[in-house]
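K.L.:
need a structure here:
(chains A and B)
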Amino acid sequence: MESLNDGTAEFDLAVRSVRELNAELHAPSVERYVVRHPRGAHAVAAGVNRPLQVRIDGDVGYYCAGMNQEGLITVDGSAGPGVAENMMSGVVRIRGNASQSAGATAHGGLLIIEGNASTRCGISLKGGDIVVGGEMGAMGAFMAQAGRIVVCGDAGDGLGDSIYEAQIYIRGSVGTLGADCVEKEMRAADRKSLQDLLVQAGMTSQAEDASYLDGFRRYGSARTLYHFTHDHAGSY
Amino acid sequence: MCGIIGLHLRDPVLYERLGPLMAEMLQGIVVRGPDSAGVAIYGDKSRCPAGQAAVSLLNAPEGLADAVARELPGVEEVHTELVGETTVLTAATSPELLSAAVAAVSPESRVVGMGEDMVIYKGIGNPNELARTYRLQEARGWQGIAHTRMATESAINAEGCHPFSVGVGVSLVHNGSFSNYASIRRELEAEGITFDSHNDTEVGARFVASRLAKGDDLSTALTALRKKFDGFYTLLVTTEKGFAVARDEFACKPAIIAEHPRWVAMASEFQALAMLPGIDEAHVFEPLPGRVYAWSR
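P.N.:
Prediction:
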């Protein structure tokens, strides 16, 4: 590992292992890291549990930034399956595209995918937020329980199948709606929530553009498939 | 799991590098399938000389080449190469005649591949060791595929190893499992098609081969397979003309395609593609659920 003058450490995966990288990130000696030559490696920057800034220069494989807690992790490339899976907090930004199951089961934090998200994005989401700049593939938000998903482009077939209390905002077209997923009214509070998320994702000009916001439609659960009472939705 | 790689070269300058590129790609899928590995190589004239046919066999007895040569009037020599568990026979005849001659003199031999431009190797063991046995690093040619297997539906043996090759020059590799293959197998058996193994993928391969024999192109045959077969699958099918990828509607089994002016590549994971020349400029995408993608020479 090479420490740079500005307090950033550079870690080259062409010469060192992911295991070494993650050991360093779990007991960090600096606050900022740049990771070179990831070349599709798995579990890059998984299990970060401090407010570190980690920039990964290239494409990553499975489970990048998995279980992230507080970390600010940016991938300057595309991500394989399960990016930011089970994230608890922090921000994960993918500058390229993300493969299937992005943000799966995330309890908190924000996952930003600037490109497209593949199938099963936000599957079983448990409270995290996801903003997709491009399109989202089929079966998005499957069984998503809590949290929000914003898609600036189109969404594929089977959107929100068996969804619980997660909220979905789609600006483009929706292929088909999954079982128990319906379009819902965009209330003032929803619009505000959407706007806040866009600001958090760094899309300030869009967030301030009323006609841009007008393009979004909201989707959620019709609540015919599950039998616990939705009066308690806030506590799940 | 299982791992797949495939490389279809467009730029003839790269033909010399097929083997080294495939060997590097294979590193990205070794952990996905540690129990066996198979390879199909297209266009390596040192393995299948021009004007000759190559037939890949399992369970071939010693001295088979001489017995096969006696079955083939006008064929001066049948050349044998023993490559691990696979025996490759080559001779100046057609793949069908060479394969028929093997069946006539050695019913216990199992033909696992035949072509005019293709050679197949199969075996069990660590994929890296098998790559050395197959001399993958030395391979030349215009197209190649490899599969690393983590067996789920049938036993770990060379017969269950992919690629499944049925018909001249057709190879199919599969990540996933078919759930209704037994019914389709019975239908194909009723049409007179016979099977070599109990493997689900073989049913897919024989289905595709039967469609190709009826005049379908690769893309149409795979579209028919997609409608007929239930289960999870990412498939890569190659012929002596081209290369096609198909995925089921749920697309659980991973697949990534990279397209470059000099080549088209497909793999289970990006890390198998990361070292390809020009990968940074390639169009890298995931094939959509329920779609068929095809390229030809």
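K.L.:
show the pLDDT at the closest residue to chain A within the stretch 151-297 of chain B.
P.N.:
Minimum separation of the stretch 151-297 of chain B from chain A (Cβ to the nearest Cβ) falls at B:Q271, amounting to 3.2 Å. All C-beta spots, glycine's among them, are computed from the backbone N, C-alpha and C. On the pLDDT scale, B:Q271 is placed at 96.
K.L.:
what's around it, how many residues?
P.N.:
If you count neighbours by other Cβ atoms under 10 Å in any protein chain shown, B:Q271 ends up with 24.
K.L.:
repeat for the one 10 residues further on
P.N.:
Neighbour count for B:E281, taken as other Cβ under 10 Å: 11.
K.L.:
show the subsequent helix or strand relative to the longest helix along chain B.
P.N.:
Longest helix of chain B, by residue count under DSSP state H: helix B:200-213. The helix or strand immediately downstream of helix B:200-213 is helix B:218-228, counting by DSSP states H and E.
K.L.:
packing partners for that next one?
P.N.:
Here helix B:218-228 touches helix B:200-213, strand B:231-238, strand B:242-247, strand B:292-296, going by 3 or more Cβ pairs under 8 Å, 6 or more residues apart in numbering or on different chains; DSSP states H and E.
K.L.:
what's next to it, contact-wise?
P.N.:
B:184, B:204, B:207-208, B:211-212, B:216, B:235, B:237, B:239, B:241-242, B:244, B:246, B:248, B:290, B:292, B:294, B:296 (Cβ atoms under 8 Å, 6 or more residues apart in numbering or on different chains).
K.L.:
nearest spatial neighbour of whatever residue of chain A ends up closest to chain B, skipping sequence neighbours?
P.N.:
Across chain A, the shortest distance to chain B (Cβ to the nearest Cβ) belongs to A:G40, at 3.2 Å. The shortest distance from A:G40 to any non-neighbouring residue, by Cβ to Cβ, 6 or more residues apart in numbering or on different chains, is to B:Q271 (3.2 Å).
K.L.:
list the contacts for the closest residue to chain A within the stretch 1-150 of chain B?
P.N.:
For the stretch 1-150 of chain B, the residue closest to chain A is B:G28, as judged by Cβ to the nearest Cβ, at 7.0 Å. B:G28 makes contacts with A:40, B:3, B:5, B:267-274, as judged by Cβ under 8 Å, 6+ apart.
K.L.:
near chain B, which residues of chain A show up?
P.N.:
Within chain A, the residues that sit near chain B (Cβ under 8 Å from any Cβ of the partner chain) are A:39-42, A:59, A:61-62, A:78, A:80-81, A:97, A:99-100, A:118-119, A:137-139.
K.L.:
would you map out the domains in chain A?
P.N.:
Split into domains by the TED database, chain A comes to A:1-87, A:116-223.
K.L.:
out of these, flag the one nearest B:A40.
P.N.:
Nearest to B:A40 among the domains of chain A is domain A:1-87; the distance by Cβ to Cβ comes to 23.8 Å.
K.L.:
what stretches of chain A score poorly on pLDDT?
P.N.:
Applying pLDDT under 70 to chain A picks out residues A:1-5, A:227-236.
K.L.:
can you map out the helices along it?
P.N.:
A:18-26, A:188-200, A:204-207, A:210-214.
K.L.:
okay, the ones you listed in CSV with distance to B:V112 and mean neighbour count next?
P.N.:
Putting the helices of chain A into CSV (distance: least, Cβ to Cβ, whole Å; neighbours: other Cβ atoms under 10 Å in any protein chain shown) gives the following:
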stretch, distance to B:V112, mean neighbour count
helix A:18-26, 37, 16
helix A:188-200, 55, 16
helix A:204-207, 57, 14
helix A:210-214, 58, 12
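K.L.:
dump those helices to a markdown table, plus distance to A:I149.
P.N.:
Output for the helices of chain A, formatted as a markdown table (distance: least, Cβ to Cβ, whole Å):
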| stretch | distance to A:I149 |
| --- | --- |
| helix A:18-26 | 27 |
| helix A:188-200 | 9 |
| helix A:204-207 | 16 |
| helix A:210-214 | 16 |
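K.L.:
center of chain A, which residue is that?
P.N.:
Chain A has A:L111 as the residue nearest its centroid, 2.5 Å off, counting by Cα atoms, centre = their mean.
K.L.:
my guess is it contacts A:V92. True?
P.N.:
Yes. Using Cβ atoms under 8 Å, A:L111 is in contact with A:V92, at 4.9 Å.
K.L.:
pull up the overlap in contacts between those two.
P.N.:
A:83-84.
K.L.:
what residues are up against residue 36?
P.N.:
By default, I'm working from chain A. By Cβ under 8 Å, 6+ apart, the neighbours of A:R36 are A:10-14, A:57-58.
K.L.:
not what I meant, chain B
P.N.:
By Cβ under 8 Å, 6+ apart, the neighbours of B:S36 are B:122-125, B:127, B:130, B:148-149, B:151, B:156-158, B:160-161.
K.L.:
out of those residues, which are inside helices?
P.N.:
Filtering the contacts of B:S36 for helices - DSSP H - leaves B:127, B:130.
K.L.:
just the buried members of the contacts of B:S36?
P.N.:
Among these, those scoring as buried are B:122-125, B:127, B:130, B:148-149, B:151, B:157-158, B:160-161 (criterion: 16 or more other Cβ atoms under 10 Å in any protein chain shown).
K.L.:
check those residues against chain A, which are close?
P.N.:
Filtering the buried ones among the contacts of B:S36 for neighbours of chain A using Cβ under 8 Å from any Cβ leaves an empty set.
K.L.:
closest one of those residues to B:I257?
P.N.:
Nearest to B:I257 among the buried ones among the contacts of B:S36, with distances taken as Cβ to Cβ, is B:T148, at 18.5 Å.
K.L.:
tell me who's in contact with the closest one.
P.N.:
B:T148 sits next to B:2-3, B:26, B:29-30, B:32-34, B:36-37, B:127 when contact means Cβ under 8 Å, 6+ apart.
K.L.:
same question for A:R95.
P.N.:
By Cβ under 8 Å, 6+ apart, the neighbours of A:R95 are A:74-77, A:114-115.
K.L.:
tilt between the helix or strand hosting B:I120 and strand B:231-238?
P.N.:
For B:I120, the element it lies in under DSSP H and E is strand B:118-124. Per axes from the mean of the first three to the mean of the last three Cα atoms, to 10 degrees, the angle that strand B:118-124 makes with strand B:231-238 is 140 degrees.
K.L.:
what helices or strands is strand B:118-124 leaning on?
P.N.:
Packing partners of strand B:118-124 (3+ Cβ pairs under 8 Å, 6+ apart): strand B:36-42, strand B:53-58, strand B:86-91, strand B:110-115, helix B:127-133.
K.L.:
looking at these, which is buried most?
P.N.:
Most buried of the helices and strands packed on strand B:118-124, by mean neighbour count (mean count of other Cβ atoms under 10 Å in any protein chain shown): strand B:36-42, with a mean of 29.
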